[in-house]
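In: show me how the following folds:
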Amino acid sequence: MIDSAPRTINELFEQAVRLRAGEEVIRSKRQGKWQGIKGNELDERVRNVSLGLRSLGVVRGDRIGIIAESAPEWSIADYSILSCGGITVPIYPTQALDQVTFIIRNSGMKVLFVSGNKLLRRIQTSLENLRKDELPRLILFEQAKDEKASTKARFAPTYLEDLERQGSELRTREPGLFRAMQLESEADDLATIIYTSGTTGEPKGVMLTHRNIVADVVNTGGLFKLRPDDIALSFLPLSHVFERTVLYIYLLFGVQINFARGVETVSEDIKEVRPTIVTAVPRLFERIYSTINKRAAEAKPWQQRVFQRALKVGREYAVLLDKGASIPARLRVEYRLMDRLVFRKWRDAVGGRVRFFLAGGAALSPELAYIFLGAGILILQGYGLTETSPVVAVNTPDANRVGTIGQAIPGVTVRAAEDGELLVQGDIVMQGYYLMAEETERVIERKDDGVWFHTGDIGTIDPDGFIRITDRKKDLIKTSLGKYIAPQPIENSIRAIPMVEQVIVVGNHRKYASALIVPNFEALRAYADSLQLGLKDNSDMVQHPRILEFYKKKVDEVTRELATHEKIKKVALLDEEFSVEGGELTPTLKVRRKFVEDKHQKMIDSLYPKSEVDI
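Out: Numbering: from 1, shown residues only. Model prediction:
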C-alpha cells in the first residue's frame, strides 16, 4: 500500500525509501553474488549524487543525459537528476552514433552519465562531432581497475564515486539543500525528454512531465494488486519508457527490483531470482517456445507424442479459461496429467513462481498467448506509446482477454476515429515534441471536449472496453487492385511457426502479398540435416527449393483463414537476422519496414513478375 498519491516523481521516491528504509529495494549480481541496496542506502546515494550535480552547476530545468546499460546506477542517476530539478534524457547504448550526436545537440544537455569506458569509446565519434560549447560534462558509473579510459583529454570523465564525494561534502555544508531542491519541482515541470527512435526520420524528443508519469504509475500500478512479497526481474532497457515507468511502479508499490545482468543471461538469472513478476517483450516468448519445440523435436517418439497432446489439451483448456466458460471434467483430468508431465517443467524454467508476465512493445500472437496460458503461464498484454507515458491500456489478472491489449487504465479515455485510428485523452498525454511545434500539431488535436493524441494505430473497442490493435496506420498495405492488408496480424501468425525467427509482409502497390522470413537457423539446420540435403551454410539453406516449399506450406497452414487478397502468395528466406546494428530494427526492436524493403528490393522484385511490379 502507498501512503498517498504523489504529485511528482521526487515525492514518489521520498515516500518509497522512507517506508522501506530497512528493506532491500534493488538487487543486482556483482562478482558472482546477488547484492542488495536498502531503501535508506538508495536514499543516501541519490542525495549525494544529486548534490554532486548541483556542485557542478546543474539547476532546475537543465537537461542531463544517461547512456548506459540497465543497472542500479541507471536508476540512481535518474532519481538524482530529478531530485535537483533536472530533466532526464535517456539514450540507448546501441543508438546509432549520428543519433547520439543529434540527441546531445538537440537537447542541449549539460551532463552525460556513461556506464563505462567501453561505451565511452564507442560514442567518442559522436562526441567529436560536437562543438566545445555543445560537449556535456561526462560522468562514468565505473572504471575497470585494469582498464584505462584511452579517450582524448577533452572527453576526460569524472567518476560517479567522485561525484558522490563532492555531493557528500556539499551536504555537510548545506544540510537542508537536498530537500529544498526536491521540493522545487512542480507536477507540471518536465521530468524527461525521451527521443523516439522512430522507423524513419530524425528522433523526436517526447516531453513528459512529472504529472504525466506519476498519473501512469499510480493508475497502472493500482490495477495489479501488487504485494510486499512480490519480486521482479528487470532486463528490458531503462532507456525505454516502458521499463522505466514499470520500475517507478515497483518502487512505489513495494516490489523488490532485481536487475538481470543482460538479455543473454535472463534464462539463468530468472532461475536464481525466482521472480513473481516479469516485464518482457513478445520476442522473449517466441524464443522460449522455439527452444521448447527444438528440444521436443530431439526427444524420443513417445515423448514427442505426449508433447503434442499436451499442446492440444493446454490450448483447449486456455481458450475455455479465457472465455470464462466451464471446463469439462474430462478436460480437467487430462489437463492435470499433462501439467505434471509437461507444463510444470515450463514453469520451473522461469523460476517456478511467476504470477504473471507483463508484455508490451509489440503485438503478441494470440496463438502463443493461448499456448502459455495453457501451460499455466499468464501473459498480460498492454499497450502504450512513449507519447503516453507510456501505458494506455492493459490486461490484468482479473480482466484478461487474449488477443486484446486490455482496457484503458483509470483516468484515460480511448476512442476510435472514423478511419479507425485510436485517439487517447488523459493526464498521461505528452506536452509535445521538444523544439518541434509542427510535428506536435500533427498528433495532438485540441477539441471542445479536450486534448486528444493521435496514436497512429488502427484498432477497435468492444462493448466491454477491451481494445484490439489491428495495425499501424502508416503500415497498411494497399495492393495494386485497391485492397487493403493489415500486415501485423499476418506476421503474428507466421511468427508463431516454431521455425520462424522474424518476418515482414510486403506487397504495397503489388497484386498480392508476399513474406520475407528470417528462419530460426538452429531449427532449420536440424531439419535440413534430417533431409540429408548436404547444405553448408545459411545462404545455401534459404535458397534450397525443398526448404522454400516447406516454409510456404507452413505459412499456408497458419494463414488459411485469411481473406483471399490477404493470403501470402510467395515467400523468400533471408540468411541474416534483423538487428539494431544492421539497421533493420530500432533500439526498441521495432522493424524499420522501409529500410528492410529498400535493402532487399531485388529479392522482393523477384517475387513478382515484371508485369506485376509497382503498378
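
In: from now on I want contacts and neighbour counts done on CA atoms only, so please keep to that.
Out: Will do.

In: where exactly do the helices run in the stretch 101-250 of the chain?
Out: For the stretch 101-250 of the chain, the helices defined by DSSP state H, counting those that start in this stretch occupy 117-122, 124-128, 160-173, 177-184, 210-221, 241-253.

In: tell me the helix or strand right after the last one.
Out: What that stands for is helix 241-253. strand 256-259 (DSSP states H and E).

In: quick one: contacts of that following strand?
Out: Applying C-alpha atoms under 8 Å, 6 or more residues apart in numbering, the contact partners of strand 256-259 are 24-29, 70-72, 229-235, 247, 250-251, 273.

In: what's the closest non-adjacent residue to the residue nearest in space to the middle of the chain?
Out: When C-alpha atoms, centre = their mean is applied to the chain, the residue found nearest the centroid is Gly361 (4.5 Å). Leaving aside its sequence neighbours, Gly361 sits nearest to Val281 (C-alpha to C-alpha, 6 or more residues apart in numbering; 6.0 Å).

In: pLDDT score for the one you found?
Out: pLDDT for Val281: 88.

In: next, the contact list for it, please.
Out: Going by C-alpha under 8 Å, 6+ apart, Val281 touches 359-362.

In: over to Lys552?
Out: By C-alpha under 8 Å, 6+ apart, the residues touching Lys552 are 570-571.

In: what helix or strand is it located in?
Out: Assessed by DSSP H and E, Lys552 sits inside helix 545-558.

In: about what we covered before: export the helices of the stretch 101-250 of the chain to TSV and tack on mean pLDDT and distance to Arg593?
Out: Output for those, formatted as TSV (pLDDT from 0 to 100; distance: least, C-alpha to C-alpha, whole Å):
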stretch	mean pLDDT	distance to Arg593
helix 117-122	94	27
helix 124-128	95	26
helix 160-173	97	40
helix 177-184	95	43
helix 210-221	98	30
helix 241-253	97	22
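
In: point out the most buried one among those.
Out: Sort the helices of the stretch 101-250 of the chain by mean neighbour count, taking mean count of other C-alpha atoms under 10 Å, and helix 210-221 sits at the top with a mean of 24.

In: is Val278 bridged to anything, and to what?
Out: Here Val278 shows beta-bridge partners Leu233, Phe357, assigned using DSSP bridges.

In: and for it, the neighbour number?
Out: Residues lying near Val278 (other C-alpha atoms under 10 Å) number 20.

In: same question, Thr279
Out: By other C-alpha under 10 Å, 21 other residues sit near Thr279.

In: wait, it touches Ser234, no?
Out: Yes. Using C-alpha atoms under 8 Å, Thr279 makes contact with Ser234 at a distance of 6.8 Å.

In: returning to what we had before: most neighbours among the contacts of Val281, which one is it?
Out: Ala359 leads the contacts of Val281 on contacts (other C-alpha under 10 Å) with 25 neighbours.

In: check contacts around that residue.
Out: Going by C-alpha under 8 Å, 6+ apart, Ala359 touches 279-282, 379-382.

In: which one (most neighbours) among the residues you listed?
Out: Among the contacts of Ala359, the one with the most neighbours (other C-alpha under 10 Å) is Gln381, at 29 neighbours.

In: quick one: which helix or strand includes it?
Out: If you go by DSSP H and E, Gln381 is part of strand 379-384.

In: contacting residues around that strand?
Out: 356-361, 364, 369, 372-373, 390-397, 400, 404-406.

In: other residues contacting stretch 468-482?
Out: Contact with stretch 468-482 is made by 403-406, 421, 456-461, 484-489, 506-513, 614-615, as judged by C-alpha under 8 Å, 6+ apart.

In: want to throw the helices of the stretch 101-250 of the chain into TSV with distance to Arg472?
Out: Formatted as TSV, those follow (distance: least, C-alpha to C-alpha, whole Å):
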stretch	distance to Arg472
helix 117-122	34
helix 124-128	32
helix 160-173	42
helix 177-184	40
helix 210-221	23
helix 241-253	19
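
In: show me what the host helix or strand of Leu368 is packed up against.
Out: According to DSSP H and E, Leu368 maps onto helix 366-374. Packing partners of helix 366-374 (3 or more C-alpha pairs under 8 Å, 6 or more residues apart in numbering; DSSP states H and E): helix 301-323, strand 379-384.

In: the ones you listed: which one's closest to Asp575?
Out: helix 301-323 (29.0 Å; C-alpha to C-alpha).

In: for the closest one, buried residues please.
Out: With burial defined by 16 or more other C-alpha atoms under 10 Å, the residues of helix 301-323 counted as buried are 304, 307, 309-311, 313-319, 321.

In: again, but for stretch 385-400
Out: Buried residues in stretch 385-400, counted by 16+ other C-alpha under 10 Å: 385-396, 400.

In: not counting its neighbours along the chain, what's nearest Gly465?
Out: Spatial nearest neighbour of Gly465, excluding adjacent residues (C-alpha to C-alpha, 6+ apart): Gln407 at 5.4 Å.

In: distance of the one you found relative to Ile377?
Out: Distance, Gln407 to Ile377, by C-alpha to C-alpha, to the nearest Å: 21 Å.

In: between these two, which has more neighbouring residues?
Out: Set Gln407 next to Ile377 and count neighbours by other C-alpha under 10 Å: Gln407 wins out with 26 against 22.

In: wait, doesn't that one sit right on Thr460?
Out: No. Counting by C-alpha under 8 Å, Gln407 stays clear of Thr460, with 11.5 Å between them.

In: what touches both of these two?
Out: Common contact partners of Gln407 and Thr460 (C-alpha under 8 Å, 6+ apart): Ile467.

In: for the stretch 1-150 of the chain, give me the ranges with low pLDDT.
Out: Across the stretch 1-150 of the chain, the ranges flagged by pLDDT under 70 are 1-3, 143-150.

In: could you redo the last one with a cut-off of 50?
Out: Counting by pLDDT under 50, the stretch 1-150 of the chain shows low-confidence ranges at 145-146, 149.

In: now do the strands in it.
Out: 24-30, 33-38, 63-67, 87-91, 111-114, 137-140 (DSSP state E, counting those that start in this stretch).

In: need these in TSV with mean neighbour count and distance to Gly582, can you?
Out: Output for the strands of the stretch 1-150 of the chain, formatted as TSV (neighbours: other C-alpha atoms under 10 Å; distance: least, C-alpha to C-alpha, whole Å):
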stretch	mean neighbour count	distance to Gly582
strand 24-30	19	31
strand 33-38	15	34
strand 63-67	27	20
strand 87-91	26	18
strand 111-114	25	23
strand 137-140	22	28
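
In: which one of those lies closest to Gln532?
Out: Comparison of the strands of the stretch 1-150 of the chain against Gln532 by C-alpha to C-alpha identifies strand 24-30 as nearest, at 44.8 Å.

In: next, the angle from that closest one to helix 241-253.
Out: On the basis of axes from the mean of the first three to the mean of the last three C-alpha atoms, to 10 degrees, strand 24-30 is oriented at 130 degrees to helix 241-253.

In: and strand 24-30, which strands flank it?
Out: Applying DSSP bridges, strand 24-30 is found paired with strand 33-38 (antiparallel), strand 256-259 (parallel).
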